[in-house]
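Asker: I'd like to go over a predicted model; first the sequence, then the structure.
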Amino acid sequence: MKIPAKEIALMMEVGHLCRYARRFREAREIFQGVGALLRERDAADLALAAVAFDEQKFNDVETLCRRVLNSDRRNVSAYTQLAELHISRNETADALNVLKAARDLRPSEPVASLVTSLQRLTELLLKLEHSNKQRAATR
């Protein structure tokens, strides 16, 4: 059975609205349902990863992003979510590596500006971390 793209988009929008309202169970159920309807479930998995991130279920975020990357090694959105995960875990060097890979893959993607911003943030966090270590060593 083929579901019209407009209906899929509407379901995704409702799922995001539930997520923004912090109704995570409903959002997760919607995105899982959309994933079951689609042949390629990358968009649904990335939406599920966003819900998991909001719930601080970081292992789920990583699993979902890796599943997307297994089906599409060039999915910049999955790399971006992985980088956000690394940033939240204070794994700034890993985040920077993931962001560099994302930028190299598709520098003209619409999400490239987000990648650039996250890259700048990560570089600043690394500088701050290095500065704090230097200060601690001089005390």
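Answerer: Received the coordinates, thanks.

Asker: Okay, buried residues for the host helix or strand of V68 please.
Answerer: In this assignment (DSSP states H and E), V68 forms part of helix 58-71. For helix 58-71, a neighbour-count test (16 or more other C-beta atoms under 10 Å) marks 60-62, 64-65, 67-68 as buried. To be clear about C-beta, it is placed using only N, CA and C from the backbone, and glycine gets the same treatment.

Asker: any chance of the residues you listed in CSV, plus distance to R25?
Answerer: CSV is the format used below for the buried residues of helix 58-71 (distance: C-beta to C-beta, whole Å):
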residue, distance to R25
D60, 14
V61, 17
E62, 21
L64, 17
C65, 21
R67, 21
V68, 22
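
Asker: Low-confidence stretches in the chain?
Answerer: Where the chain drops to pLDDT under 70, the residues are 1, 107-109.

Asker: so what are the domain limits for it?
Answerer: The chain breaks down by automatic domain parsing into domains covering 1-72, 73-139.
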